[in-house]
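Undergrad: Any chance you could fold what I've pasted below:
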Amino acid sequence: MNEQQKYEVIKNLVDNNGNKNSAAVTLGLSRRQIDRLIVNYKEKGKSSFVHGNRSKKPSTSIDVSISTRIIQLYKEKYYDCNFNHFKDLLNDWENIQVSYNYLYKLLMKENIHSPRIRKLTRKAMKKKELLLLKQNQEKTEEDIDIMVNHLIDIEDSHPRQEKPKYFGEIIEMDGSIHPWFGLNKACLHLAIDVCTGTIVGGYFQEQETLRGYYHVYKQILTDYGIPYQFKTDNRTVFHYESINKSKRTSDKDVLTQFGYACKQFGTDIVTTSVAQAKGTIERANGTFQGRLVQELRMKGITTMKEANKYLTKYFIPDFNKRFALNYKKFPSVMEEKPTQEKINYTLAILTPRKIDRGSAIKYFNNTYQVYDKDSKLQCFMPKTECLVIKAFDGTLLVTVDEAVYQLKKLESHKKVSENIDFVEEEKPKNVYIPPMTHPWKKASFDRQVKKAHTQRVYA
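TA: Coordinates of the predicted model:
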C-alpha cells in the first residue's frame, strides 16, 4: 500500500478528529489497524509509516559477482544456448542455481536475446522497431498493433493434433542436416514416440541414408519392441520412384529396402510432404539443434563415432528424463522384442543379381563366389537369377533356387602361393547360414517392389 496515502489519511484523521470507519474503508484496513496507526503516528510521526524492510537487501538476493559471472559465461562459453538450456547447464556444470525468471530478466536487461526466442517476445521486439520507425511513416499505433498481432512466422505455425492413446502407436522419424560438430554438416536420424514424447532412437551419419534409419530402427527393436506405425516425410528412403523406368535399379530403390524390412516386422509406414503433419519430430529437431550442438562443442566431441556414443549413452536419456512422459505409465502396442539374429538378417539390403559364366557374382565392384555351409564351392548355370543379402552386420549371403549360401570375395591374385610359401593349413571355419525364410524369397521381394511402384503399397 502506498505509504504516502497512509500518512495523509491518518494525519487528517488525527488533526480533524475524523471518522475512523471511513478511514478504514479508504485504506482497506480494519478498525483495529487504524487504531494502531494512530498510536504510531502520535509517537513517531511520519517516519512510522516507512516500511521496516526499506533499503534492506532481501535474504534471497543473488550476489552481484554471481550475476556478472553468469553474463560473462553466456557471452564467452554458452553464447548459442537458449535460456532454459543455459539454466540447466549452469546447474549441472557450473554449480550455479538460479531461477529461469531471474536469468531471463538478467540477460534481457543486458540486451541478450535467446536464439530460441518466443513468439510474444519477438512480436514485442518487432513492435518496438515499428514504433521507432513510426515518425517516418503514416501508420497509426492501431495499424501497427494489427500488423504485429496478425503476423506469424512459418516455422511457428503448427496446427494442433490429438496425441495417440498408446505408446508405440505412431513413431515419427526424420533426418536433420546441421553442423552438429565442427564445420562440416552431418545428418541426425531421429525417431520420437508421439504419445509420450520419448526419443526412441538417434544416429549420426554423413547423409540421410537407409543405413542411418536402419540403425534407428534397430535401437527401437532392441530397446522397446516392434512399433505399430512410422510417420515420415517423402524422402528417398521411404518414397522413391524414378520417372525413367530404365534407370530404376534395385541398388537405388531404397524404398523397397526399408519398406520391406518394416513389412516383415509388421510395422506400417505413412509418408507426408507436409512438415506440420509431423510437428512432434520437427520440434524435437529444433530442440536438439538448440541443445546438442552446444554440449558436443563443450565436451570437445568432433568425430561421428564419439557423437553417436554421447548421443545414445548420455544425451537422449537425459532428454527423455527432462522432457518426455514416462512411457511405462501408458498402455503400449509395442510387440515383443525380436531376437538379435532376426534383427540382423531382416534389416538387410537385398539386391538382385545374375551369376556370370565363371560362376561368380559382381557386387559393388568386387567379385564373389558361392559356397555352402561346409565351405564347398557351388557352381551354377550362367545368368541364374539370385538375391544378394547384405545383413546389418555386413555379412554377405545369397539365395539361389530357394536355398541360402554364403559369399566369399574372390581376389584377383592369390595372397599365398601353395608351391612356394609355407603356411600351416587352417581348417575352414563353418559359417552360420540361417534357414530359408520368407523375407529372402526373390519372388516375394519382387512382388513388393512392384506394389511399391504401381500401387504405392510400401509396407
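Undergrad: Next one: the nearest residue to Asn12 once chain neighbours are set aside from Ala24, what distance?
TA: In space, and not counting its chain neighbours, Asn12 is closest to Gly18: 6.2 Å by Cβ to Cβ, 6 or more residues apart in numbering. Bear in mind the C-beta positions are built from the backbone N, C-alpha and C, glycine included. Remark: distance between Gly18 and Ala24 (Cβ to Cβ, to the nearest Å) = 11 Å.
Undergrad: Equivalent analysis for Glu208, please.
TA: Distance check for Glu208 against Ala24: by Cβ to Cβ, it reads 73 Å.
Undergrad: now Leu13
TA: For Leu13 relative to Ala24 (Cβ to Cβ), the value is 10 Å.
Undergrad: which residues do the two both contact?
TA: Both Leu13 and Ala24 are contacted by Ile34, under the criterion Cβ atoms under 8 Å, 6 or more residues apart in numbering.
Undergrad: Okay, strands next: where are they in the stretch 201-350 of the chain?
TA: For the stretch 201-350 of the chain, the strands defined by DSSP state E, counting those that start in this stretch occupy 229-232, 268-271, 349-354.
Undergrad: next structured bit after the host helix or strand of Phe86?
TA: Here Phe86, judged by DSSP states H and E, is contained in helix 83-93. Per DSSP H and E, helix 83-93 leads on to helix 100-109 as the next helix or strand towards the C-terminus.
Undergrad: how about whichever helix or strand comes after that next one: buried residues?
TA: Next in sequence after helix 100-109, counting helices and strands by DSSP H and E, comes helix 119-132. By 16 or more other Cβ atoms under 10 Å, the buried positions in helix 119-132 come out as Arg122, Lys123, Lys127, Leu130.
Undergrad: For this protein, which residues score under the pLDDT cut-off?
TA: In the predicted model of the chain, residues 1, 59, 132-159, 239-255, 415-419, 421-430, 437-440, 452-459 satisfy pLDDT under 70.
Undergrad: Could you point out the longest helix of it?
TA: In the chain, ranked by residue count with DSSP state H as the criterion, the top helix is helix 279-298.
Undergrad: Would you mark the buried spots in it?
TA: By neighbour count on 16+ other Cβ under 10 Å, the buried set for helix 279-298 is 279-282, 284-285, 287-297.
Undergrad: show me what contacts Met304?
TA: Counting by Cβ under 8 Å, 6+ apart, Met304 makes contact with Phe181, Ala186, Phe204, Gln205, Glu206.
Undergrad: one more time with 7 Å
TA: Contacts of Met304 were listed using Cβ atoms under 7 Å, 6 or more residues apart in numbering, and they are Ala186, Phe204.
Undergrad: cool, and Asn91?
TA: Per Cβ under 7 Å, 6+ apart, neighbours of Asn91: Gln97.
Undergrad: likewise the one 3 residues further on?
TA: Contact analysis of Glu94 by Cβ under 7 Å, 6+ apart lists Leu73.
Undergrad: What separation do you get for it and Gln406?
TA: Separation of Glu94 from Gln406 (Cβ to Cβ): 56 Å.
Undergrad: Could you report the distance from the closest residue to Leu103 other than its chain neighbours to Thr60?
TA: In this structure, Leu103 finds its nearest non-sequential neighbour in Lys87, 5.4 Å apart by Cβ to Cβ, 6+ apart. Between Lys87 and Thr60 the distance is 17 Å, computed by Cβ to Cβ.
Undergrad: same thing with Arg447?
TA: 71 Å.
Undergrad: Which of the two has more residues huddled nearby?
TA: Arg447 (12 against 6; other Cβ atoms under 10 Å).
Undergrad: quick one on the thing from earlier: report the angle between the axes of the longest helix of the chain and helix 83-93?
TA: With axes from the mean of the first three to the mean of the last three Cα atoms, to 10 degrees defining the directions, helix 279-298 sits at 40 degrees from helix 83-93.
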